[in-house]
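Novice: Mind folding the following:
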Amino acid sequence: MSPAQLRSLTMPACIIPGNDRVHPRAPGQTAHRLIPNTEYHEVLTEGRLDLDVALEDWNAKEGLLAAIFIDFLRRTERRT
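Specialist: Just a heads-up that it's a prediction; the model follows:
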């Protein structure tokens, strides 16, 4: 999507960027800057080259990720 298309999005979005070479952090940061109605959470801050290690990191944060998304959905639902 172009920057203009991203800026035109109006729906709420919860962005949690990746931390590995397949899912780098930068696209999530860019999307957060361009999409007006977003919230941003960096759950994992250490970059990983090994995808298996990155997956282990994410699996260890499953509860936190679920809590972030559930909270986001509850708050977003109240606004509609």
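Novice: Report the contact partners of the spatially most central residue of the chain.
Specialist: When the chain is reduced to its mean C-alpha position, the closest residue under C-alpha atoms, centre = their mean turns out to be Ile16, at 1.7 Å. By C-beta atoms under 8 Å, 6 or more residues apart in numbering, Ile16 lies in contact with 28, 40-43, 65, 68. In short, each C-beta sits where N, CA and C put it, glycine included.
Novice: Do a quick rundown of the helices in the chain.
Specialist: With helices called from DSSP state H, the chain shows them at 3-8, 25-34, 51-60, 62-79.
Novice: With mean pLDDT as extra columns, can I get those in JSON lines?
Specialist: Formatted as JSON lines, the helices of the chain follow (pLDDT from 0 to 100):
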{"stretch": "helix 3-8", "mean pLDDT": "97"}
{"stretch": "helix 25-34", "mean pLDDT": "96"}
{"stretch": "helix 51-60", "mean pLDDT": "94"}
{"stretch": "helix 62-79", "mean pLDDT": "93"}
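Novice: need these in TSV with mean neighbour count, can you?
Specialist: Below are the helices of the chain laid out as TSV (neighbours: other C-beta atoms under 10 Å):
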stretch	mean neighbour count
helix 3-8	12
helix 25-34	15
helix 51-60	13
helix 62-79	11
